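Colleague: Provided below for reference: sequence and predicted model.
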Amino acid sequence: MLVLTTSAFEGLAITTIAAKIAQDMQGLHLYGWIFSAFLLSQLVGTLVMGQQVDKQGVFNSMLVSFTVFVLGTIIAAASLNMYMLIGGRAFQGFGAGALITCVYACVTLYYPDSLRTQILAAFSMAFVLPSLIGPYFAGLIASYISWRFVFWIVIPLIAIALLLTYRSFRDLQRSQQVTGGARAIDSRTGQAILLAIGTGLLLTGLGMITNWQGIALSMGGLMIMIPLMHKLLPQGTFLVQAGLPATLVTRGLYVACYFATESFVILGLTELKGLSADTAGLLVAAGSLSWSGAAWLQARLDAKDRGEGRKRRVMLGIGTMIGGVMLVILALFLQDTGIMLILISQIIIGFGVGLANPTTAVIALQYAELGHEGKMSANLQFVDSFYVAMSIGVSGALVALAETMRWGISTGIFMVLMLQLLLVLLSFLSSLRISILARHKHSSAGQKIDTLPM
């Protein structure tokens with residue numbers, strides 16, 4: 001819980017202070033890369049660690065993940081320019097993706113299917129405290145001390161988390177079936193690295209698409225990305241086939257919408273509405289609180305209907321998000337609208353994603369084969385990282401394009417939010433093809449527990 005709480009605090013805090021960082025370092029044109037660098041390297045971290053969990057065990061994988069995350073945090077805190085900060089965020093992303101993959105793998109190994117929605121709902125509580133104090137606290141620190149301290153204060157928290165989980169993960173590794181013999185870099189890892197590079201080229205090119213260099217970079221990035229996506233994503237993903245492919249596409253699209261909307265609403269509130277970073281952060285954080293509440297609700301509903309209503313809950317959650325995104329657009333761009341409408345929209349969007357997100361995770365984990373739990377966990381984190389990286393990256397390119405063409409920041413933010421509305425609409429269509437397994441054939445593989453430890 002502390003691992004996830006620390007990660008949640010960092011995510012919410014950086015979302016709050018990113019606009020100030022970009023302004024202080026004169027890098028507003030690189031605003032999207034504060035998030036994209038993190039997410040693209042998170043993509044690599046999830047795939048690397050998904051294999052290492054199965055081959056080297058969860059304990060060794062967790063130690064490496066902690067180390068890389070802390071290294072990235074130090075680099076970001078001590079950064080001298082925007083490019084160094086982006087480099088630190090890349091290390092942070094790798095470590096964070098690896099950490100969360102380890103956590104998901106542990107859930108799959110230890111808990112039977114009937115309890116997974118409950119433990120994932122419990123994990124959602126890790127967002128409550130950061131949501132209550134994180135954005136406001138980070139905004140105050142950035143405004144009155146320095147945004148660098150927002151990075152520094154994470155290190156002691158992550159160290160405490162390691163001390164608390166050290167023995168538990170070591171004991172879990174002893175009971176885990178570990179294949180061993182992992183190579184430093186195998187084909188899947190190399191493909192993930194190339195995909196991150198190709199995506200980076202595409203996003204860089206989109207930001208300068210008005211000249212021939214931007215067009216060349218974009219085309220080169222696409223040529224690298226498309227064949228690799230066919231290899232890394234489960235078969236049938238491009239066609240949104242029923243079952244696991246449709247589940248992952250649905251999840252990737254609405255998660256991309258949620259995090260990109262959250263990131264750029266902060267920019268809109270500070271640039272268009274003139275709000276301070278701490279106030280804007282508090283408004284957006286309301287979405288995380290309603291996310292937690294909805295996650296608990298879906299866990300209770302899942303226990304009541306024994307998983308029969310999972311598809312309906314996913315569709316209801318996405319439909320709720322559609323209404324929330326539309327309300328955000330109205331609140332930001334209609335005159336004489338107060339911050340209360342922004343607050344309501346964030347609560348609605350957060351509730352929708354909280355209803356859908358644990359549910360799609362449980363549906364996907366049903367497809368995990370025995371001994372390959374880490375791979376399925378990595379698939380979940382892969383679609384989260386890749387779709388969000390693409391959405392935020394393209395959104396950042398739209399803002400940069402608006403600046404280049406002198407359309408103004410308001411036009412850039414409007415294009416970004418319309419893109420997010422399109423993504424969540426496509427997610428709803430994809431959710432129609434989700435199918436639920438009657439009962440997970442490996443639900444008895446985990447240790448049988450009568451009550452959920454809290």
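Modeller: Yep, that arrived.
Colleague: What ranges does the stretch 301-450 of the chain have for its helices?
Modeller: For the stretch 301-450 of the chain, applying DSSP state H, counting those that start in this stretch gives helices covering 310-333, 339-365, 373-404, 409-431.
Colleague: Same question for the stretch 1-150 of the chain.
Modeller: According to DSSP H, counting those that start in this stretch, the helices that the stretch 1-150 of the chain contains are 2-24, 31-56, 58-77, 82-110, 113-124, 128-144, 148-152.
Colleague: Could you export the ones you listed to JSON lines, including columns for distance to I322 and mean neighbour count?
Modeller: Heads up, the C-betas are built off the backbone N, CA and C, glycines and all. What follows is the helices of the stretch 1-150 of the chain, written out as JSON lines (distance: least, CB to CB, whole Å; neighbours: other CB atoms under 10 Å):
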{"stretch": "helix 2-24", "distance to I322": "22", "mean neighbour count": "22"}
{"stretch": "helix 31-56", "distance to I322": "23", "mean neighbour count": "28"}
{"stretch": "helix 58-77", "distance to I322": "34", "mean neighbour count": "21"}
{"stretch": "helix 82-110", "distance to I322": "27", "mean neighbour count": "24"}
{"stretch": "helix 113-124", "distance to I322": "21", "mean neighbour count": "22"}
{"stretch": "helix 128-144", "distance to I322": "23", "mean neighbour count": "20"}
{"stretch": "helix 148-152", "distance to I322": "32", "mean neighbour count": "19"}
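Colleague: Same list (those helices) but as CSV, adding mean pLDDT.
Modeller: What follows is the helices of the stretch 1-150 of the chain, written out as CSV (pLDDT from 0 to 100):
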stretch, mean pLDDT
helix 2-24, 78
helix 31-56, 78
helix 58-77, 88
helix 82-110, 85
helix 113-124, 71
helix 128-144, 73
helix 148-152, 90
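Colleague: right, and the helices of the stretch 301-450 of the chain - which one's nearest A260?
Modeller: Among the helices of the stretch 301-450 of the chain, helix 373-404 comes nearest to A260, with 4.2 Å by CB to CB.
Colleague: how distant is the closest one from the center of its chain?
Modeller: 8 Å (CA atoms, centre = their mean, to the nearest Å).
Colleague: Okay, angle between it and helix 58-77 too, please.
Modeller: Going by axes from the mean of the first three to the mean of the last three CA atoms, to 10 degrees, helix 373-404 is angled at 20 degrees with respect to helix 58-77.
Colleague: surely K311 meets I436?
Modeller: Yes: using CB atoms under 8 Å, K311 makes contact with I436 at a distance of 5.8 Å.
Colleague: Overlap of the contact sets of these two?
Modeller: I363 (CB atoms under 8 Å, 6 or more residues apart in numbering).
Colleague: okay, the helices of the stretch 301-450 of the chain in CSV with mean pLDDT next?
Modeller: Output for those, formatted as CSV (pLDDT from 0 to 100):
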stretch, mean pLDDT
helix 310-333, 92
helix 339-365, 88
helix 373-404, 78
helix 409-431, 93
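Colleague: quick one: which of those helices is nearest L239?
Modeller: Using CB to CB, the helices of the stretch 301-450 of the chain put helix 409-431 closest to L239, at 11.0 Å.
Colleague: where do the strands sit along the stretch 201-350 of the chain?
Modeller: In the stretch 201-350 of the chain, no strands are defined using DSSP state E, counting those that start in this stretch.
Colleague: mind showing which ranges of it have poor pLDDT?
Modeller: 336-338 (pLDDT under 70).
Colleague: what's near enough to touch L272?
Modeller: With CB under 8 Å, 6+ apart, L272 has these contacts: 332-333, 409-410, 413.
Colleague: Looking at those residues, which one is closest to A280?
Modeller: After measuring these against A280 - CB to CB - the closest member comes out as L332, at 11.5 Å.
Colleague: That closest one touches I413, doesn't it?
Modeller: Yes: with contacts counted by CB under 8 Å, L332 reaches I413, the gap being 7.1 Å.
Colleague: circling back: same list (the helices of the stretch 1-150 of the chain) but as JSON lines, adding distance to S391.
Modeller: Shown next, in JSON lines, are these (distance: least, CB to CB, whole Å):
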{"stretch": "helix 2-24", "distance to S391": "14"}
{"stretch": "helix 31-56", "distance to S391": "9"}
{"stretch": "helix 58-77", "distance to S391": "22"}
{"stretch": "helix 82-110", "distance to S391": "15"}
{"stretch": "helix 113-124", "distance to S391": "22"}
{"stretch": "helix 128-144", "distance to S391": "21"}
{"stretch": "helix 148-152", "distance to S391": "24"}
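Colleague: Of those, which is nearest D278?
Modeller: helix 128-144 (2.5 Å).
Colleague: coming back round to it: with respect to L194, which of the helices of the stretch 1-150 of the chain lies nearest?
Modeller: Per CB to CB, nearest to L194 of the helices of the stretch 1-150 of the chain: helix 31-56, 9.8 Å.
Colleague: Between helix 373-404 and that closest one, find me the angle.
Modeller: Here helix 31-56 runs at an angle of 170 degrees relative to helix 373-404 (the same axes, to 10 degrees).
Colleague: and L332 and I413? which has more neighbours close in?
Modeller: I413 (24 against 21; other CB atoms under 10 Å).
Colleague: Would you mind listing the residues in contact with that one?
Modeller: 264, 267-268, 271-272, 332, 399.
Colleague: now, the most widely separated pair of those?
Modeller: That would be L332 and V399, which, of the contacts of I413, are the farthest apart (CB to CB) at 14.0 Å.
Colleague: which neighbours do L332 and I413 share?
Modeller: 268, 272.
Colleague: quick one on the thing from earlier: tell me which of the helices of the stretch 1-150 of the chain sits nearest to S430.
Modeller: Closest among the helices of the stretch 1-150 of the chain, using CB to CB: helix 31-56, at 20.1 Å.
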